[in-house]
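Student: Sharing a model that was predicted from the sequence below.
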Amino acid sequence: MSQNRRSVLEELAAQLATVSGVTAVQRSYGEIDITQKASTDLPLIEIIEPEEDTYSEMTGQRNLMQLMANLRIWFVDWNDTPQAAYGTLMKNIRDKLGSQFKLGNSAIVCRVDSISAVEGILPRWNFSMVLELRYYMNEQST
Amino acid sequence: MSIYVKTTKEAIMTALGVKFNAISGIKFVDYQRVYDQGIDKARSPGVFLNDVRIDKEKLLSDITKNEFTIGVVGFVWAEEDENLATILNAFLETCKDAVVSDRRLVGTVYTTNIDVIETDGGNRHPQGVFVMMLLVTFFSSE
């Protein structure tokens, strides 16, 4: 089940798109300009281009790689303290990604490493979630 | 507290005018004081509602947070046997109560704060003036 960075991130985006309540998933190579998004585009999960490391070198030119994927979840909530919406979104994402500890047929490990507190300005809020993904790398160019 | 209304500064000025017109005993409410518009006994007590400045912060393409400063210029006229300071303070208190009794302006704005109140130490009988700066936080489409 060898993979590469591209296929793992594609699978991550596909899985996140099925999270209950999420409207859109977008990969970003810098920071997205959230002010260009409309309220109807949110909740939006931003996959910030992750750091990649060799987790373990193996025989036969086959390495176990690790991606630390940082997600930023944007949502609109008109309550002064958006704890309810924050909690629901966080739980839905955790349930989707953390329930099997792997990512479909791509990454063999998918763990939620950390979750930030919610921050932002009423009514536009965001929080971050760091995922630890591990996969067997193939030699395909990514 | 939930805010679902987007409004405009023109609508806020109108709503504020309605609020001040409802003050018992007030004889004059107008917008944007101009120097050639005299203040006389027949129009006292009264207020001018001055649109001072607005600071905008774009949150999303369809939601902007606004900090709107309004200068309320109030004036009174004391009779010969009346204490000017007492008349001025009583009217000032009435105006303050009108603002704080409904900080959300009938649900159209997020909140209204009294930023500063200035009274003129040089007030001379029979005319007295005060300035009350309001900071209105509201949301708009652009």
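Tutor: Sure thing, it's come through.

Student: now the helices for the chain?
Tutor: In the absence of a named chain, chain A is used. Secondary structure of chain A (DSSP state H): helices at A:5-17, A:83-98.

Student: nope, chain B
Tutor: Using DSSP H, the helices of chain B run over B:9-21, B:84-100.

Student: Give me the helices and strands touching the first one, please.
Tutor: In other words, helix B:9-21. Helices and strands touching helix B:9-21, by 3 or more C-beta pairs under 8 Å, 6 or more residues apart in numbering or on different chains; DSSP states H and E, are strand B:28-31, strand B:46-60, strand B:63-77, helix B:84-100, strand B:127-140. Glycine gets a C-beta too; all of them are placed from N, C-alpha and C.

Student: Also the last one?
Tutor: Helices and strands touching helix B:84-100, as assessed by 3+ C-beta pairs under 8 Å, 6+ apart, comprise helix B:9-21, strand B:63-77, strand B:111-119, strand B:127-140.

Student: Residue A:20 is nearest to which of these?
Tutor: Shortest distance between residue A:20 and those, using C-beta to C-beta, is found for strand B:63-77: 23.7 Å.

Student: Now tabulate the helices and strands packed on helix B:9-21 in CSV and tack on mean pLDDT.
Tutor: Shown next, in CSV, are the helices and strands packed on helix B:9-21 (pLDDT from 0 to 100):
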stretch, mean pLDDT
strand B:28-31, 90
strand B:46-60, 95
strand B:63-77, 95
helix B:84-100, 95
strand B:127-140, 95
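
Student: Select, out of the helices of chain A, the one closest to residue A:69.
Tutor: helix A:5-17 (6.4 Å).

Student: chain center to that closest one: distance?
Tutor: Relative to its chain's centre, helix A:5-17 lies at 8 Å (C-alpha atoms, centre = their mean, to the nearest Å).

Student: again with stretch A:22-30
Tutor: Relative to the chain's own centre, stretch A:22-30 is displaced by 9 Å; criterion: C-alpha atoms, centre = their mean.

Student: go on, stretch A:117-134?
Tutor: Centroid separation between stretch A:117-134 and its chain, computed with C-alpha atoms, centre = their mean, is 10 Å.
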